[in-house]
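Asks: Got a predicted structure here, sequence first:
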Amino acid sequence: MSSTRRAIATAAMLALVTMTAACGSDGQASAKGGENPTITFGVQDPAQALLLEIALEQGYLDGAGIKDVESKVFTSVPAMLTAVGKEQIEMAVQTVPAVWNYNQTSGGSQLRIIAGNGTNTTRITVPTGSEQPQTPEQLVDSWRGKKIGVPVLAGLNFDATKALIKRHGLDPERDMELVAIGTAGAAVAALEKGLVDVLVQGSTVAALAEEQGVGTEVLDGTQLPNSGVLQIVFVTAAQNIEADAERWQAIAEGIEKAKDWYEDEANKEKVVEIYQGFDYSAEMASIAYDSDRAAATYSDDINQEMFDRSIDYMQEVGAFTGAVPAWDDVMAGFMAR
């Protein structure tokens, strides 16, 4: 078993490391010339390292000299992308607009897309047995004075939630509270324990909550602005690729091979086993796998159709800073597709 499950760092700890690193030089986490066998990876939820774990266990990262993956959990998207740009971690997984915005507003290094990591759609889940609003307007009105659980602050689900609230005449900062609670099991547990009253999360969290009898999905992406389709990508700092393009190309190709392996249903048992390494129960792991495949997460992750479906949604929720990226500009950053 790799150290991904043994070495998950909290955002607070990473913030301390970041401040300490600021006193010295940037780039301390980078693997120059492929000398470092452990790659550091920024995530919102440890299970986002699934493809890297598959690639590692199947030997698809051998060509890049990688023997281990160390995931670091962030509750802030800007903080995570800044850590990548300053080479305090080597790579991260995030949505296209978040990466685009970082590059538009950063005065320093730029981020480059390595490969696609799938798509997701926004789902809204309430506790089982509670009132189930029938329209987005009724839903938002029912949020008055309540806590709304989103994966991270300043992420797309966070932005989408604020946009939905404003669309129906309420103030997201005054009329309710948006709380960062992570994803997967952490999000479901927060709903079950009453730490939040509503979940605004992806399809896997909605499926987990329903299967465990904790929550009921009341609105999916098709009932939200422009369907709520999110594109997710792996990124690294441009200077990493400049320092060792062959290594990063090998990483990109390893991720693509991992997608193909994942898509083979004959490997489900092994995928479930890897999920369990992220503290999923066997039941949760199976639900996550089935939910993922139902959404064609990896086989239809980055293509023109998905971009066209999501771009209007991203504009609707104000996801872009400044100009909206053209498809060719986004695809130009990919090392592998």
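Replies: On my side now, so go ahead. Residues are numbered from 1 along each chain as shown.

Asks: residues contacting Ala319?
Replies: Thr95, Pro97, Ala98, Asn101, Leu156, Asp159, Tyr313 (C-beta atoms under 8 Å, 6 or more residues apart in numbering). (C-beta placed from N, C-alpha, C; glycine too.)

Asks: Out of these, which end up buried?
Replies: If you count burial by 16 or more other C-beta atoms under 10 Å, the buried members of the contacts of Ala319 come out as Thr95, Pro97, Ala98, Asn101, Leu156, Asp159, Tyr313.

Asks: where does the stretch 151-300 of the chain have low pLDDT?
Replies: 220-230, 293-300 (pLDDT under 70).

Asks: can you do 90?
Replies: In the predicted model, the stretch 151-300 of the chain carries pLDDT under 90 at residues 151-168, 181-187, 200-212, 217-233, 256, 259-260, 262-265, 275, 278-300.

Asks: would you list every one of the strands in it?
Replies: Remark: strands assigned in the stretch 151-300 of the chain by DSSP state E, counting those that start in this stretch are 177-180, 198-201, 215-219, 229-237.

Asks: Mark which of the buried ones among the contacts of Ala319 are part of strands, please.
Replies: Per DSSP state E, strands hold the following members of the buried ones among the contacts of Ala319: Thr95.

Asks: buried residues in the helix ranked longest in the chain?
Replies: Across the chain, the helix with the greatest residue count (assigned by DSSP state H) is helix 245-263. Buried residues in helix 245-263, counting neighbours by 16+ other C-beta under 10 Å, are found at 247-259, 261-262.

Asks: Determine which two of the contacts of Ala319 are furthest apart.
Replies: Distance extremes for the contacts of Ala319: the farthest pair is Asn101 and Tyr313 at 15.3 Å, using C-beta to C-beta.

Asks: hang on, isn't Gly318 packed against Thr161?
Replies: No. Taking contacts as C-beta atoms under 8 Å, Gly318 lies outside contact range of Thr161: 11.9 Å.

Asks: Which of the two has more residues huddled nearby?
Replies: Thr161 (25 against 13; other C-beta atoms under 10 Å).

Asks: Which residue comes closest to the more buried one once chain neighbours are left out?
Replies: Val200 (4.8 Å; C-beta to C-beta, 6 or more residues apart in numbering).

Asks: who touches the one you found in this structure?
Replies: Taking C-beta under 8 Å, 6+ apart as the test, what Val200 contacts is Thr122, Arg123, Ile124, Ile148, Gly149, Val150, Asn157, Ala160, Thr161.

Asks: neighbours of the fourth one, just the number please.
Replies: The one in question is Ile148. With other C-beta under 10 Å as criterion, Ile148 counts 24.

Asks: again with the third one
Replies: Ile124 is flanked by 29 other residues according to other C-beta under 10 Å.

Asks: Need the phi and psi values for it.
Replies: Phi and psi for Ile124, reported as degrees, to the nearest 10, are phi -120, psi 120.

Asks: now it, which residues is it bridged with?
Replies: Beta-bridge pairing for Ile124 (DSSP bridges): Val200, Leu219.

Asks: Tell me the pLDDT of it.
Replies: As predicted, Ile124 sits at a pLDDT of 86.

Asks: ok, Gln201 - contacts?
Replies: Taking C-beta under 8 Å, 6+ apart, one finds Thr122, Arg123, Thr125, Gly149, Val150, Pro151, Asn157, Thr183, Ala187 in contact with Gln201.
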